[in-house]
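Peer 1: The following comprises the amino acid sequence and a computationally predicted model.
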Amino acid sequence: MPTLSPVAPVHLPTDETVDASVRARPVPALLGALTGLVGLAGMARLAAGAFDGPMSRFAWVVVLAAMLPWVVYVASRARHGRLSGVRLVLVAALGVAGAATVWLSVPGPVLALVCSLVAFVLIWVSDWPDRRSRGEDRIVGIEELQRPEDD
């Protein structure tokens with residue numbers, strides 16, 4: 001009967017290192033919050049364009065109920081991600097551009113939402129896990145498992 005080699009131990013970070021690294025990342029969290037707030041402002045401006053007068057309370061409740069969790073999620077995702085310096089600058093530039101365009105007439109809120117989406121994609125990609133090297137895996141065929149083991 002063939003024996004399989006033991007799995008290499010995985011060294012997970014301790015709670016102390018995770019907490020310390022998360023507390024030391026206020027800039028990405030602020031940029032994530034800015035990204036979410038640009039999205040919130042864009043959605044509020046789009047919803048306000050649907051009414052002749054000011055937005056109703058119900059419309060405000062719906063927009064805030066949908067977008068406030070989004071602001072928190074984007075900020076949290078940015079804080080836990082590994083944004084490089086270039087991506088930090090890009091996210092900041094997209095946040096500023098979105099905040100500036102949200103107040104333009106009709107295309108402004110749409111451009112702000114696009115800026116917010118692109119900034120979120122940069123944040124999201126930076127939070128992907130690292131790639132494993134291809135040499136770690138070995139595919140074993142059934143025939144190889146059924147052969148008698150040589151001692």
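Peer 2: Good, I have the coordinates.
Peer 1: which stretches of this protein form helices?
Peer 2: Remark: helices assigned in the chain by DSSP state H are 15-23, 26-48, 57-80, 85-101, 107-126, 142-146.
Peer 1: which residues touch residue 38?
Peer 2: Counting by C-beta atoms under 8 Å, 6 or more residues apart in numbering, residue 38 touches 95, 98, 99, 102, 112, 113, 115, 116, 119. Just so you know, the C-beta spots here come from the backbone N, C-alpha and C atoms, and that holds for glycine as well.
Peer 1: Residue 99 too?
Peer 2: 34, 37, 38, 41, 112.
Peer 1: From what I see, the second one and residue 72 are in contact.
Peer 2: What it means is residue 37. No: using C-beta atoms under 8 Å, residue 37 is not in contact with residue 72; the gap is 10.8 Å.
Peer 1: By mean pLDDT, flag the weakest helix or strand of this protein.
Peer 2: helix 15-23 (a mean of 53; mean pLDDT, DSSP states H and E).
Peer 1: What pLDDT does the model give residue 87?
Peer 2: We have a pLDDT of 91 for residue 87.
Peer 1: pull the CA atoms of stretch 28-42 into CSV?
Peer 2: Extracted in CSV, the C-alpha atoms of stretch 28-42 (Å, rounded to 0.1, in the frame of the first residue of the first chain):
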residue,chain,number,x,y,z
PRO,A,28,-6.0,52.3,2.6
ALA,A,29,-9.1,52.2,4.9
LEU,A,30,-9.7,55.9,4.3
LEU,A,31,-9.2,55.5,0.6
GLY,A,32,-11.7,52.6,0.6
ALA,A,33,-14.2,54.7,2.5
LEU,A,34,-13.7,57.5,0.0
THR,A,35,-14.3,55.1,-2.8
GLY,A,36,-17.5,53.9,-1.1
LEU,A,37,-18.6,57.5,-0.4
VAL,A,38,-18.1,58.5,-4.0
GLY,A,39,-20.4,55.6,-4.9
LEU,A,40,-23.0,56.7,-2.3
ALA,A,41,-22.9,60.3,-3.6
GLY,A,42,-23.3,59.0,-7.2
